[in-house]
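Participant: structure for this input, please:
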Amino acid sequence: AGLKAALVARVEEVRAKGAGCGWKGKVGELAAHLEGCAWARVKCTKQDCKESPFRKDQAEHDFVCVGGRVRCLCPGCFARVPRFAMGAHVRAAHLHNATKLLQDAWAQNATMKRCIDR
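Facilitator: Next up, the predicted model:
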C-alpha cells in the first residue's frame, strides 16, 4: 500500500515539459495550463503548413509561414504568394508595368503641357 500511495502522490504532481515552461501543478490542472502556456506547441492554422511553433512564437510564424499565402492585389494578377514574399513578387512581376504606367503618364503630361502652352 505504501508504494501505491507514493506512486499516486507522484502522479498527482507533474511538471509541464516545455522548452522554457516552469509550471508545476496537479494532473487535473495540466490541460488548463497547456491551453495558455507560451511554451506549448500549437498547430499552424494555415492549410498548407505542417509546422507547430511555440504559442509565444505563433505571431512571428504567421508572418513568415509558407502556408500563409495571400492574393496579389495588383489588377489582373491572380498570384497567391507567401505574405512575407509579396514585396519581392510585386517588384519582380509588376515593376515593369508600374514603370510603363509612369512613362505613359509623363508622356501624357508632356502632351498636355504642349497643348496648354500653345
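
Participant: separation between the residue nearest to the spatial centre of the chain and residue 79?
Facilitator: Centroid check for the chain by C-alpha atoms, centre = their mean gives residue 62 as the closest residue, at 1.1 Å. Remark: distance between residue 62 and residue 79 (C-beta to C-beta, to the nearest Å) = 20 Å. C-betas here are computed from N, CA, C, even on glycine.

Participant: what's the answer for residue 50, then?
Facilitator: Taking C-beta to C-beta as the measure, residue 50 falls 23 Å from residue 79.

Participant: so those two - more neighbours on which side?
Facilitator: More neighbours surround residue 79 than the other of residue 50 and residue 79, with 14 against 9 (other C-beta atoms under 10 Å).

Participant: what residues are up against that one?
Facilitator: Residues in contact with residue 79 (C-beta atoms under 8 Å, 6 or more residues apart in numbering) are 71-72, 89, 93.

Participant: what's the nearest residue to residue 41 if we skip its chain neighbours?
Facilitator: residue 52 (4.3 Å; C-beta to C-beta, 6 or more residues apart in numbering).

Participant: just the element for that neighbour, please.
Facilitator: Using DSSP states H and E, residue 52 is not contained in any helix or strand.

Participant: neighbours of it, how many?
Facilitator: 13.

Participant: on that earlier part again, give me the buried entries from the contacts of residue 79.
Facilitator: Buried residues within these, counting neighbours by 16 or more other C-beta atoms under 10 Å: 72, 89.

Participant: nearest to residue 35, of the contacts of residue 79?
Facilitator: Of all the contacts of residue 79, residue 35 sits closest to residue 71, with 32.9 Å by C-beta to C-beta.

Participant: pretty sure the closest one is touching residue 83, no?
Facilitator: No: counting by C-beta atoms under 8 Å, residue 71 stays clear of residue 83, with 10.7 Å between them.
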